[in-house]
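Peer 1: sequence first, predicted coordinates after that:
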Amino acid sequence: MDKYVDLCHLFGLPVWIASLLNAAKCRKNDCARRKKAYRLLQRTLIKHRIGVEDGNLRQPTYVYPKEVKMLIRSAFSKNVCDYPDPCHDQVVNITMDDLHKVEIQ
């Protein structure tokens, strides 16, 4: 867990993301770990209503800041593929401020 906390500090991200990386480390390979980390991050942001409009039942597609991408790629670095960011009407661009506003208890 400490290495994930150190990585969060290195990239200037909130420490609560380290717990998501720690939860994802139980997966079989780095690709599955990255997928799990992004999914846990998405669930956390949806739970805290970041980028979710009232009355909209569809889940948004999040585009994360480059610091988040670099953090997850640093934590789980094998076989990284670089895909372009999506650009449709359900895309929500997450900022560093959005991540720091999330309060985890």
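Peer 2: Received it, and whenever you're ready, just let me know what you need. Residues are numbered from 1 along each chain as shown.
Peer 1: what number of residues lie near residue 41?
Peer 2: 22 (other C-beta atoms under 10 Å). Using the backbone N, CA and C atoms, a C-beta is placed for each residue, glycine as well.
Peer 1: pretty sure it sits in a strand.
Peer 2: No - read with DSSP: H, G, I helix; E, B strand; the rest coil, residue 41 is helix and lies in no strand.
Peer 1: list the contacts of it.
Peer 2: With contacts defined as C-beta atoms under 8 Å, 6 or more residues apart in numbering, the neighbours of residue 41 are 17, 20, 62, 64, 68.
Peer 1: and residue 62, by the same measure?
Peer 2: 41, 42, 45, 51, 91, 92, 94.
Peer 1: how about stretch 38-57 as PDB, C-alpha atoms only?
Peer 2: C-alpha atoms of stretch 38-57 as PDB (Å, rounded to 0.1, in the frame of the first residue of the first chain):
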ATOM      1  CA  TYR A  38     -10.300   2.400 -13.600                       C
ATOM      2  CA  ARG A  39     -13.600   0.700 -12.900                       C
ATOM      3  CA  LEU A  40     -13.200   1.400  -9.100                       C
ATOM      4  CA  LEU A  41     -12.300   5.000  -9.900                       C
ATOM      5  CA  GLN A  42     -15.400   5.300 -12.100                       C
ATOM      6  CA  ARG A  43     -17.700   3.900  -9.400                       C
ATOM      7  CA  THR A  44     -16.200   6.200  -6.800                       C
ATOM      8  CA  LEU A  45     -16.800   9.300  -9.000                       C
ATOM      9  CA  ILE A  46     -20.300   8.200  -9.900                       C
ATOM     10  CA  LYS A  47     -21.100   7.600  -6.200                       C
ATOM     11  CA  HIS A  48     -20.000  11.100  -5.400                       C
ATOM     12  CA  ARG A  49     -22.000  12.500  -8.400                       C
ATOM     13  CA  ILE A  50     -19.000  13.900 -10.200                       C
ATOM     14  CA  GLY A  51     -20.100  14.600 -13.800                       C
ATOM     15  CA  VAL A  52     -23.500  13.000 -13.300                       C
ATOM     16  CA  GLU A  53     -26.400  15.200 -14.300                       C
ATOM     17  CA  ASP A  54     -29.700  15.000 -12.300                       C
ATOM     18  CA  GLY A  55     -32.300  12.900 -14.100                       C
ATOM     19  CA  ASN A  56     -29.800  11.300 -16.400                       C
ATOM     20  CA  LEU A  57     -29.800   7.500 -16.000                       C
END
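Peer 1: brilliant, that's me finished.
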